[in-house]
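J.: Need coordinates for the following:
(2 chains)
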Amino acid sequence: QKEVEQNSGPLSVPEGAIASLNCTYSDRGSQSFFWYRQYSGKSPELIMFIYSNGDKEDGRFTAQLNKASQYVSLLIRDSQPSDSATYLCAVRSGGSYIPTFGRGTSLIVHP
Amino acid sequence: DAGVTQSPTHLIKTRGQQVTLRCSPKSGHDTVSWYQQALGQGPQFIFQYYEEEERQRGNFPDRFSGHQFPNYSSELNVNALLLGDSALYLCASSQGDEQFFGPGTRLTVL
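T.: Down below sits the predicted model:
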């Protein structure tokens, strides 16, 4: 059973701080890693994907991948109240067309 | 460029009934996947359609079935509804690795 684990939170950070969201996965054959943002009552929205070890930056978001330790993280710089949402980590293994989703981490950014 | 669309937005059914949900993929996308998301959980994969065939299936009973049409749109059918089928049903389309979700259909089974 391929597992993707996330702390459900909530993670509470002040406005302007860096929010750090973490995700671990069980399958060493995993190849693709995704972060989705989901506002309450809405559908998930893809915000980042990463395939190689290291960091990938897009605006205020940075995805970090460490395959040896089997974790992927998402950093949100200069957090805003509008970033308050549930962040879903998804991991796709080789040989599967479909990523496995974690249950998500709730992020609250307070003014 | 329209994104992924789903209909209906909300649906209320009673136990034992059957339901059909519909999805139109993003322009240029040929693959449609369906997910069930219960409150407080991540999306659970139901099945994926590609070239009008079911390409991969998750751990859902045969009561859940689907179809993909030549224009890549798709339907999800659920028979003999149970209370536990109440959830947000999400359709995602893709061309390659990145999936884009539709707004979802909220199904309530009474």
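
J.: okay, now B:Val19: neighbour count?
T.: By the measure other C-beta atoms under 10 Å in any protein chain shown, the count of residues near B:Val19 is 18. For glycine as for every other residue, the C-beta is placed from the backbone atoms N, C-alpha and C.

J.: Not counting its neighbours along the chain, what's nearest A:Leu11?
T.: The shortest distance from A:Leu11 to any non-neighbouring residue, by C-beta to C-beta, 6 or more residues apart in numbering or on different chains, is to A:Leu107 (5.1 Å).

J.: what pLDDT does the one you found get?
T.: Note for A:Leu107: predicted pLDDT of 98.

J.: wait, isn't it in contact with A:Ser84?
T.: Yes - taking contacts as C-beta atoms under 8 Å, A:Leu107 lies within contact range of A:Ser84: 6.0 Å.

J.: returning to that earlier point: helices or strands up against whichever strand or helix holds the residue nearest to A:Leu11?
T.: Assigned by DSSP states H and E, A:Leu107 belongs to strand A:105-110. For strand A:105-110, the elements it packs on are strand A:11-14, strand A:19-25, strand A:85-93, judged by 3 or more C-beta pairs under 8 Å, 6 or more residues apart in numbering or on different chains; DSSP states H and E.

J.: A:Ser84 touches A:Ile108, doesn't it?
T.: Yes - with contact defined as C-beta under 8 Å, A:Ser84 reaches A:Ile108; the gap is 5.2 Å.

J.: Those two: which is more packed in?
T.: A:Ser84 (19 against 15).

J.: neighbouring strands for the host helix or strand of B:Gln56, and are they parallel or not?
T.: Per DSSP H and E, B:Gln56 falls inside strand B:53-57. Paired strands of strand B:53-57, with direction, are strand B:44-50 (antiparallel) (DSSP bridges).
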